[in-house]
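> Provide a 3D model corresponding to the input given below.
(one chain, ligands or ions: 1)
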Amino acid sequence: MAELDLFSQSFPTPASRIAELRASLAHHNSLYYTQAAPEISDADYDALFRELEQLEAKHPELHDPNSPSLRVGGAPIEGFQQIQHAVPMLSIDDVFELSAEAVEKSGASCPEHELIEFYKRLQKNLKRDAVSVTLEPKIDGVAVSLLYRDGKLAYAATRGDGQTGDDVTHNVRTIRSIPLELKFSPAPDPTSTIPSLLEVRGEIFMHHAAFAALNAERDEAGLSTFANPRNSAAGSLKQLDPKIVAQRPLAFLAHGLGAYEGAPLETEHQFHQLLVHLGIPQNQPILTAHDLDGMLAAVAQLDRDRHSLGYGTDGVVIKVLSRAERTTLGFTSRAPRWAAAYKFLPEQQETTLNSILIQVGRTGVLTPVAELTPVLISGSTVSRATLHNQDEITKKDIRLGATVLIEKAGEIIPAIVKVIRHVPDARPFSLYDSVGGKCPSCAGPITQEVGFVAWRCTNFECPAQAVTHITHFASRKALDLDGLGETVAEALVRHGHCRTPLDLFTLTEDILANLNLGTDEAPRRFGEKNSAKILAALHAAKSKPLHRWLYAMGIRQLGESAAKELSRLHHTLSEIPDSPILTELLRDTRATAKKQNEILAPYQISGEVGPAVAETILTFFQSQVGSQVIARLLTLGISPVSENYLPRPAEADLSALPLAGKTFVITGTLSIDRDEMKALIESKGGKVSGSVSAKTHYVLAGEGGGSKRDKAEKLGVTLLDEAALHLLLAGQ
Ligand code: IVH
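Predicted coordinates:
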């Protein structure tokens, strides 16, 4: 017998050795990751692992998708398959901890008001006072569903829309604490069998320490860092290459049951026991309460203890203990009536505001960002907070050097709640003064639009806005550079070929054709054909009329109609900086209404060009960067000319047109393109505006067009169909 044993051990078949290695590695994995009680050294584990890898490579016929060797990640996938959940993955209703202000405002008795109401609903629906519930931390992670058939992991799916989710099996296999095959250790009793179907729901997340180490590593390698552990976990699960996921320190804890075929489970506790016996890591601690006071005490205890868990939690999930009672309670259309997620108020911390940095966004908005002494809050180190705009700074009286209270609501960028104290002699902070009245990115002029709180850089050549401006510059209604969309604009800026729209005119066939629209790993060449098309479009753009150029400059408030109106008032672009009309219009802001009309009447300036527009245009074109734009255009041989120049239309000319003085709004589907219809109306002296108001004369309504049609009816504005419009055009 002993001899036989020896024999079989010395000459195992590849199949038996592979099976043995797989079982052994799975066992040691579970000891290490689930029970934190390893029995062999890392080096011994690695040796077994390598042996298995080598044997599997030699014997592809013995491939098994659940082999522990695939923990390091298999081949990349093309995209995510969809998986229909066996049982819908519902969400839970939130009940919120109330802030002191909210308690006062709503007249609630205490911060736990909503939670108490939830418990009262349970009591009412179950018709008894003592309802037993379990309470456990609500993990701030990504929900997944693991489905085991006959003890083997069949798939892992994300929640998706609750009915179908992404198949992330390839990535989930790399998470070592998730068993790929279920085994009892120990078995609950000798007769127990592994459930034939077991769908475990849980959360994938990252521990704070692992997250910090990952970010530090990425930072060192010059890679972008993740905003928080949740984003990092979610981003990892969305990877197509499981080898990358295998490098990410993902963790999993189970918290619920989906589809199930196996020995009956009467209470939540029996389900928890099953998870223990199967070695599936589960969410902990799980407390039980049997009445309202017990529930409140357990919530308070979890709120104290959750901070030492080492990962992010943002609340407590409360579930009715008895499965039979859950069935009685049932579901609303969205969520079970037997569970609630009690969300704690966001965590707050005190720190010092060291400086305020002004960032320029893609659309030119200047956003103040607070630079703080770093503090740990909700599991990540915070050293910056958004201040939104000047109004917010003024409202909260934020000054440099102040001690401030910051909070992180969910995973959004932290915000300053309030100032706790100022340093002596600190002065109110002015965004405008702090940047010396100039854009910090390009030194261009900044303006605060009427009715808006944000300061914006109006420079069409501002590098911070390069992608937005180039994309707009190339759009159909601007210079119509067909083929030059956001992706191309982004690539041109990223590779340093364009900092401003006018740089487009310096591009060569060679640069464009070789432009990489993809990444370094997966390059995508723009190509000769596309390149030639864009160069031809750029050539044609040089002789486009003034209003197209004005519109192309992406100056806020200078929409298509205002650009047309400006080009009616000016012959060439170079006239605009010294425009007497605009100067008059600007001065006119302070004139009386009667005076205004006197000044403006001869020009017949439409509502599209008012003092606010005049101010933006003049400030820009009179600024240094504005005159540089004009000079650069001249150098490039571009001098846009108006095609509708008519600054002082004779009364007779205008009134002769059938739609003179009439304002139209177009809605619904017409027999011709909306732009064409607009051009037709304008050519007959009418104006087209975007929204219906009391000043609108006609609403031209095609098929559909619900809300504008309703508004017209409400305001008593005449509705026209296309036939009626043609009668008007014919002067009838
Ligand atoms: S139980 C019927 N328990 O929170 C749904 N969910 O806001 C039962 N979550 O979709 C879910 N920790 O992804 C449950 N201890 C926990 C949880 C938890 C986090 C997530 C879960 C759920 C979401 C609902």
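> biggest strand in the protein, by residue count?
Ranked by residue count under DSSP state E, the longest strand found in the chain is strand 347-360.
> could I get the average pLDDT for the very next helix or strand once past that one?
Sequence-wise, the next helix or strand downstream of strand 347-360 (DSSP states H and E) is strand 366-377. Averaged across strand 366-377, the pLDDT comes to 91.
> if you average pLDDT over the helix or strand just after strand 366-377, what comes out?
Downstream of strand 366-377, the first helix or strand assigned by DSSP H and E is strand 380-386. Confidence for strand 380-386, expressed as mean pLDDT, is 84.
> got it, and stretch 54-68?
Here stretch 54-68 scores 90 as its mean pLDDT.
> got the CA positions of it in PDB?
Coordinates of the C-alpha atoms in stretch 54-68 are reproduced here as PDB (Å, rounded to 0.1, in the frame of the first residue of the first chain):
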ATOM      1  CA  GLN A  54       4.000  25.700 -16.600                       C
ATOM      2  CA  LEU A  55       1.900  22.600 -16.600                       C
ATOM      3  CA  GLU A  56      -1.100  24.400 -17.900                       C
ATOM      4  CA  ALA A  57       0.900  26.000 -20.700                       C
ATOM      5  CA  LYS A  58       2.000  22.500 -21.800                       C
ATOM      6  CA  HIS A  59      -1.500  21.100 -21.600                       C
ATOM      7  CA  PRO A  60      -4.000  23.600 -23.000                       C
ATOM      8  CA  GLU A  61      -6.600  20.800 -23.300                       C
ATOM      9  CA  LEU A  62      -6.800  21.000 -19.400                       C
ATOM     10  CA  HIS A  63      -7.800  24.600 -19.400                       C
ATOM     11  CA  ASP A  64     -10.200  25.700 -16.700                       C
ATOM     12  CA  PRO A  65     -11.500  29.300 -16.500                       C
ATOM     13  CA  ASN A  66     -11.600  29.000 -12.700                       C
ATOM     14  CA  SER A  67      -7.900  27.900 -12.400                       C
ATOM     15  CA  PRO A  68      -6.100  29.900  -9.700                       C
END
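> helix/strand/coil for residue 397?
Three-state assignment for residue 397 (DSSP: H, G, I helix; E, B strand; the rest coil): coil.
> for the nearest residue to it once chain neighbours are set aside, give me its contacts.
In this structure, residue 397 finds its nearest non-sequential neighbour in residue 419, 5.9 Å apart by CB to CB, 6 or more residues apart in numbering. Every residue, glycine included, has its C-beta placed from N, CA and C. If you count contacts by CB atoms under 8 Å, 6 or more residues apart in numbering, residue 419 has them with 396-399, 402-405.
> if we can go back for a sec, packing partners for the longest strand of the chain?
If contacts are counted by 3 or more CB pairs under 8 Å, 6 or more residues apart in numbering; DSSP states H and E, strand 347-360 sits against strand 366-377, strand 403-408, strand 415-421, helix 431-434.
> just want the residue of the protein that's nearest the ligand.
Closest residue of the chain to the ligand, CB to the nearest ligand atom: residue 143 (3.0 Å).
> test my guess that that residue contacts residue 205.
No - Residue 143 lies out of contact with residue 205 (CB atoms under 8 Å); the separation is 10.2 Å.
> need the residues of the stretch 301-450 of the chain near the ligand, please.
317, 336, 339, 341 (CB under 6 Å from any ligand atom).
> SS state for the first one?
In other words, residue 317. strand.
> residue 660: what's its closest spatial neighbour, skipping adjacent residues?
Residue 660 sits nearest to residue 685 (CB to CB, 6+ apart), 3.8 Å away.
> helices of the stretch 551-700 of the chain, start to end?
With DSSP state H, counting those that start in this stretch as the criterion, the stretch 551-700 of the chain has helices at 560-569, 580-587, 593-600, 611-622, 624-635, 651-656, 674-683.
> low-confidence ranges, the stretch 151-300 of the chain, go.
Across the stretch 151-300 of the chain, the ranges flagged by pLDDT under 70 are 219-223.
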